[in-house]
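**Student:** What follows is a protein structure lacking sequence information:
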């Protein structure tokens with residue numbers, strides 16, 4: 001089978017949105033699913049994966065130049081309680097204010113995501129024109145967050161801290177969800193497939209990780225809802241972190257060498273177990289320390305919490321295979 005290269009003019013966010021809108025405007029009598037992933041807010045690796053690669057459409061360039069960038073209390077603070085991040089990396093300075101994401105890069109990311117915001121609006125308008133807006137389960141979400149200097153971090157988005165693992169999930173479905181609803185339960189991206197199947201009247205496959213959000217979205221409070229979540233990432237290969245193309249990739253990304261982990265988060269606590277690093281685990285009380293600035297792993301007062309979290313992590317790992 002042959003292949004064909006196609007060239008499109010315009011910013012990638014707009015080009016992809018054009019194709020998605022075209023799909024939504026196609027006349028059909030059957031239900032449809034559109035899974036639409038934007039390239040934004042990923043950088044262009046040819047220009048840089050840490051700084052300089054976040055390129056917005058021309059119409060959005062500079063629109064946030066006069067905006068003050070807001071930071072969390074952990075921004076620029078050296079991670080003196082996190083042994084995995086305190087490792088000496090040849091050729092790199094210790095994490096701190098000088099290694100944090102710059103204001104310029106944050107503004108560039110904001111410019112790019114403005115294009116995504118416009119894209120969402122265009123999709124909603126296309127559904128409205130087709131008369132299907134209120135009959136469509138519409139979800140906007142992401143695969144990970146970005147660090148804006150928390151603990152001195154920049155592009156190392158693979159880690160288990162809140163800035164990376166917590167993502168937005170905005171859902172519109174007027175037949176079920178009251179406008180302005182903000183559920184408090186812990187939900188996961190793996191809940192979307194069971195939810196869509198449930199709303200489509202399909203039987204859920206067993207076993208299936210994740211659970212339908214229908215009851216929660218409808219304002220309910222299921223008593224058997226999860227009380228903890230599992231977060232995992234493998235250790236990336238050395239040659240991937242060191243040798244990938246793009247300015248900055250072989251420097252800043254090498255900080256996460258060997259930092260694969262299995263972590264558990266409850267409403268109050270988070271325990272991070274590094275799978276390839278000895279003696280570098282982390283434990284946080286997110287109620288008292290929402291910005292994860294005080295690692296309790298060696299605290300005698302937290303010994304029982306640590307034991308409980310280790311037990312819960314083991315349970316989750318066993319239940320998910």
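**Tutor:** Structure's in. What do you need? Worth saying up front: this structure is predicted, and the values here are computed from it rather than measured.
**Student:** before we move on, what SS does residue 10 have?
**Tutor:** coil (DSSP: H, G, I helix; E, B strand; the rest coil).
**Student:** residues contacting it?
**Tutor:** By C-beta atoms under 8 Å, 6 or more residues apart in numbering, residue 10 lies in contact with residue 18. C-beta here means a position set from N, CA and C on the backbone, and glycine is covered the same way.
**Student:** gap between it and residue 115?
**Tutor:** For residue 10, the distance to residue 115 equals 11 Å [C-beta to C-beta, to the nearest Å].
**Student:** residue ranges of the strands in the stretch 201-321 of the chain, please?
**Tutor:** For the stretch 201-321 of the chain, the strands defined by DSSP state E, counting those that start in this stretch cover 228-233, 261-266, 269-274, 282-285.
**Student:** What is the last one packed up against?
**Tutor:** The elements that strand 282-285 packs onto, with contact taken as 3 or more C-beta pairs under 8 Å, 6 or more residues apart in numbering; DSSP states H and E, are strand 269-274, helix 303-320.
**Student:** which sections of the stretch 201-321 of the chain are below the confidence cut-off?
**Tutor:** Applying pLDDT under 70 to the stretch 201-321 of the chain picks out residues 242-251.
**Student:** Could you find the closest non-adjacent residue to the spatially most central residue of the chain?
**Tutor:** By C-alpha atoms, centre = their mean, the chain has its centre lying nearest to residue 144, at 1.5 Å. Once flanking residues are discounted, residue 144 sits nearest to residue 157: 5.2 Å by C-beta to C-beta, 6 or more residues apart in numbering.
**Student:** Quick check: phi and psi on the one you found?
**Tutor:** When read as degrees, to the nearest 10, the backbone of residue 157 gives phi -80, psi 0.
**Student:** Might one say that it is in contact with residue 150?
**Tutor:** No - counting by C-beta atoms under 8 Å, residue 157 sits too far from residue 150 to count as a contact (11.0 Å).
**Student:** does residue 170 really touch residue 142, like I thought?
**Tutor:** No - at 10.2 Å, residue 170 does not count as touching residue 142 under the criterion of C-beta under 8 Å.
**Student:** More neighbours: which of the two?
**Tutor:** Neighbours per residue (other C-beta atoms under 10 Å) separate residue 170 from residue 142, with residue 142 holding more: 16 against 9.
**Student:** Can you get me a residue count around the residue nearest to residue 144?
**Tutor:** Close neighbours of residue 157, defined as other C-beta under 10 Å, add up to 17.
**Student:** so what's it up against?
**Tutor:** Contacts of residue 157 by C-beta under 8 Å, 6+ apart are 144-147, 164.
**Student:** any idea which helix or strand comes after the longest helix along the chain?
**Tutor:** Longest helix in the chain, counting residues (DSSP state H): helix 103-129. Once helix 103-129 ends, the next helix or strand along the chain (criterion: DSSP states H and E) is strand 138-141.
**Student:** List the pairing partners of that next one within its sheet, with orientation.
**Tutor:** Sheet pairing for strand 138-141, assigned by DSSP bridges, gives strand 169-172 (antiparallel).
**Student:** The partner strand: which residues count as buried?
**Tutor:** 169, 171-172 (16 or more other C-beta atoms under 10 Å).
**Student:** For it, give me every contacting residue.
**Tutor:** 124, 136-141, 177, 187, 189, 213, 217.
**Student:** For ChimeraX, what selects the buried ones among these?
**Tutor:** ChimeraX command restricting the contacts of strand 169-172 to the buried ones, with burial defined by 16+ other C-beta under 10 Å:
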select :124,136,137,138,140,177,187,213,217
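**Student:** I'd like the contacts of strand 169-172 written out as TSV, with distance to residue 111 added.
**Tutor:** TSV is the format used below for these (distance: C-beta to C-beta, whole Å):
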residue	distance to residue 111
124	21
136	29
137	30
138	24
139	24
140	18
141	21
177	30
187	29
189	26
213	32
217	32
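**Student:** quick revisit: and among the helices and strands packed on strand 282-285, the most buried is which?
**Tutor:** Comparing the helices and strands packed on strand 282-285 by mean neighbour count (mean count of other C-beta atoms under 10 Å), strand 269-274 ranks first with a mean of 22.
**Student:** That strand pairs with which strands, parallel or anti?
**Tutor:** Strand pairing for strand 269-274, determined by DSSP bridges: strand 261-266 (antiparallel), strand 282-285 (antiparallel).
**Student:** can you give me the angle that strand makes with helix 303-320?
**Tutor:** 70 degrees (axes from the mean of the first three to the mean of the last three C-alpha atoms, to 10 degrees).
**Student:** thinking again about what came up before, which of the contacts of residue 157 lies closest to residue 24?
**Tutor:** Ranked by distance to residue 24 (C-beta to C-beta), the contacts of residue 157 are led by residue 144 at 26.6 Å.
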